[in-house]
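Student: Have a look at this prediction, sequence included:
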Amino acid sequence: MSQAGVRGRERRLFLTGLVALLISTGVAIVAGSYLSSISDLLTLIPGLMVLVPPTINMRGSISGVLASRLSSSMHLGEFSGTFEQGGVLAGNLHASLLLTIATAAALGVIAPLLSAATGLPVIGAGDLVLISLVAGILSGLILMGFTVLISVLSYRRGVDLDMIAAPAVTTLGDLVTIPVLAMTAVAVLALPPSVRVGLFGIAIVLAGAMSIYAWVAGGRGRGIVQEVLPLLIPLCVLGAFAGIAYSTSLDRLVSLGALLILIPPFAGICGSIGGILCSRLGTGMHLGIITPAIAPQGSVTVHFAQAYLFTLLLMPLMAALAHLAALVLDVSSPGLLAMVTIATAAGLGVITMVNGIAYLTATLSFRYGFDPDNFGIPVITSAIDLLGAVALITVIEIVL
C-alpha cells in the first residue's frame, strides 16, 4: 500500500475510533450520574465501593479479551460468525464464562480481606461474596452477548473490530455493572440471614455447574482459561485497591457529586483508549506488521500519538458533560474549569503510563510465546483502575 493509502487508512481508523469513543463518553456520563445518585447506598453498605472498580474492570477485561481475540481471528481469516462446537466463537464464549465466574468469586473474597486489612468498614464476607458472584455473572452474561453481537455485525459489515470493541464493551460495562451491583446488594441485604445462607449455597452450586459445563464443552477455550486466569486473579487485587483508594476519599467525592460522576467515564474512556491500543498492537504483531522489539518502532509511535490525541479531545468534553450532569442532578461541582483541569491532567498522566504498559505487555507476551490479545487489555484496564484512581485523587487534591 502507498504512503498516501496508509495515511488515509489511519485517518479512517482514527475517525472510527473517535466516533465510538464520543458515543462511549456520552453513555458513560449516564453511568457516572447513576453512581452519584446512589452515593447514600455506597455509604450505607460498607465495602460496596471497593467492589465497584474491579467488578467493572473484570467485566470489561473479559469481554475485551473476547472481542480482541475475535478481531484477531477475523484478520487471520479464522472467524466464521457461527456457533459450531469447537469453533472460534464457541470456544471463546466458554472461556469467557469460566473467567467471569472465577473472577466474580475471587473478588467477593478479595474485597472484604483488603478492606479489613486497610481498616475500612465492610459487611460480612459471605454477603459480599454472594453479591459479587450474582452481580458478576449477570452483568458478565449481558456483556458477552453484546460482544458477540458487535463482533458478528462488524464481521458482516467489514468494520475493524479493533477500533470499536473496547469503547463499546467498556461503556456497556459501566452502564450495566453499576446498576446490577447496586440492585443485587440491596436485594441480598434485604433478605433474612438464614435465606442469604441458603441463597449463598445455591449460587455456589449453580456457579460450579456452569463452570463444569463450560470447561467440558470449552475445547480451545480451556487453553485460554489456563493462560488468562493466573493473570486475572492478581489483577482483581489491583482493582480492589482502586476501590479502596476511592473509598478512603468517599466523603469528599460524595460532597462534590460531580467528581463521583467523573469516575466511571474517566476510567472507561482511559480503558477504551488503552483497549484500542492493545487490540491494534496485538493484531499488528499477529500479522507481522509490528515487530515485538524492546524499543517501539515505526507505526507504534503513530498508535501512541493517536492515544494522546484521543485523550486531549475527549477529556475536556467528558469533564464538561460531568459538570453539566451535576447541574441537572442538582449536586455540587467544583466548577467547569476545575473539572476540565482535573480530567485532562489526570488523563494525560494515565495515558502516558498506558502507552508504555500496553507496548511492554504486548511485546513480552508475544516474545515469550503467549497471545498478546489475552494479556494486553486485562493488564491495561486493571492498571488504569489503580493508576486512574491515584491520578484522579492526586490531581483533585492539588487543584482543589
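Tutor: Yep, that arrived. Predicted, not measured: the structure shown is a model, and the values here were computed from it.
Student: for the stretch 201-350 of the chain, what spans make up the helices?
Tutor: 221-248, 250-255, 257-287, 299-329, 336-367 (DSSP state H, counting those that start in this stretch).
Student: for the first one, which positions count as buried?
Tutor: If I follow you right, that is helix 221-248. For helix 221-248, burial by neighbour count (16 or more other CB atoms under 10 Å) applies to 221-222, 224-225, 228, 231-232, 235-247. All C-beta atoms are positioned from the backbone trio N, CA, C, and that covers glycine.
Student: so which of the helices of the stretch 201-350 of the chain gets nearest Val88?
Tutor: Smallest distance to Val88 across the helices of the stretch 201-350 of the chain (CB to CB): 10.0 Å, for helix 221-248.
Student: on contacts alone, who are the packing partners of the closest one?
Tutor: Packing contacts for helix 221-248, counted by 3 or more CB pairs under 8 Å, 6 or more residues apart in numbering; DSSP states H and E, involve helix 48-75, helix 88-117, helix 193-217, helix 372-399.
Student: Between these, which one is closest to Phe266.
Tutor: Among the helices and strands packed on helix 221-248, the nearest to Phe266 by CB to CB is helix 372-399 (6.1 Å).
Student: who does the closest one touch, helix- and strand-wise?
Tutor: By 3+ CB pairs under 8 Å, 6+ apart, helix 372-399 packs against helix 48-75, helix 221-248, helix 257-287, helix 336-367.
Student: Next, count neighbours for Val152.
Tutor: Neighbourhood size, Val152 [other CB atoms under 10 Å]: 15.
Student: Next: Leu313.
Tutor: Neighbour number of Leu313 under other CB under 10 Å is 14.
Student: Got the confidence number for it?
Tutor: Looking at Leu313, its pLDDT is 92.
Student: follow-up on the earlier one: I'd like to know which of the helices and strands packed on helix 372-399 is closest to Leu128.
Tutor: Comparing the helices and strands packed on helix 372-399 by CB to CB, helix 48-75 comes nearest, at 7.1 Å.
Student: where does the stretch 301-400 of the chain have low pLDDT?
Tutor: 372-374, 376-377 (pLDDT under 70).
Student: go again using 50 as the cut-off
Tutor: Judged against pLDDT under 50, the stretch 301-400 of the chain has no low-scoring part.
Student: rewinding a little: how about the helices of the stretch 201-350 of the chain in JSON lines, adding distance to Leu172?
Tutor: Below are the helices of the stretch 201-350 of the chain laid out as JSON lines (distance: least, CB to CB, whole Å):
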{"stretch": "helix 221-248", "distance to Leu172": "18"}
{"stretch": "helix 250-255", "distance to Leu172": "24"}
{"stretch": "helix 257-287", "distance to Leu172": "10"}
{"stretch": "helix 299-329", "distance to Leu172": "17"}
{"stretch": "helix 336-367", "distance to Leu172": "21"}
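Student: Mind checking the helices and strands packed on helix 221-248 for the one nearest to Gly274?
Tutor: Closest among the helices and strands packed on helix 221-248, using CB to CB: helix 372-399, at 3.9 Å.
Student: Looking at the helices and strands packed on helix 372-399, which is nearest to Val152?
Tutor: Closest of the helices and strands packed on helix 372-399 to Val152 is helix 48-75, at 9.0 Å (criterion: CB to CB).
Student: Remind me what the closest one packs against, helices and strands.
Tutor: Using 3+ CB pairs under 8 Å, 6+ apart, helix 48-75 sits against helix 39-44, helix 88-117, helix 125-157, helix 161-189, helix 221-248, helix 257-287, helix 372-399.
Student: Out of the ones you listed, which is the most enclosed?
Tutor: Mean neighbours per residue, mean count of other CB atoms under 10 Å, is largest over the helices and strands packed on helix 48-75 for helix 257-287, with a mean of 28.
Student: Cool, thanks, talk later.
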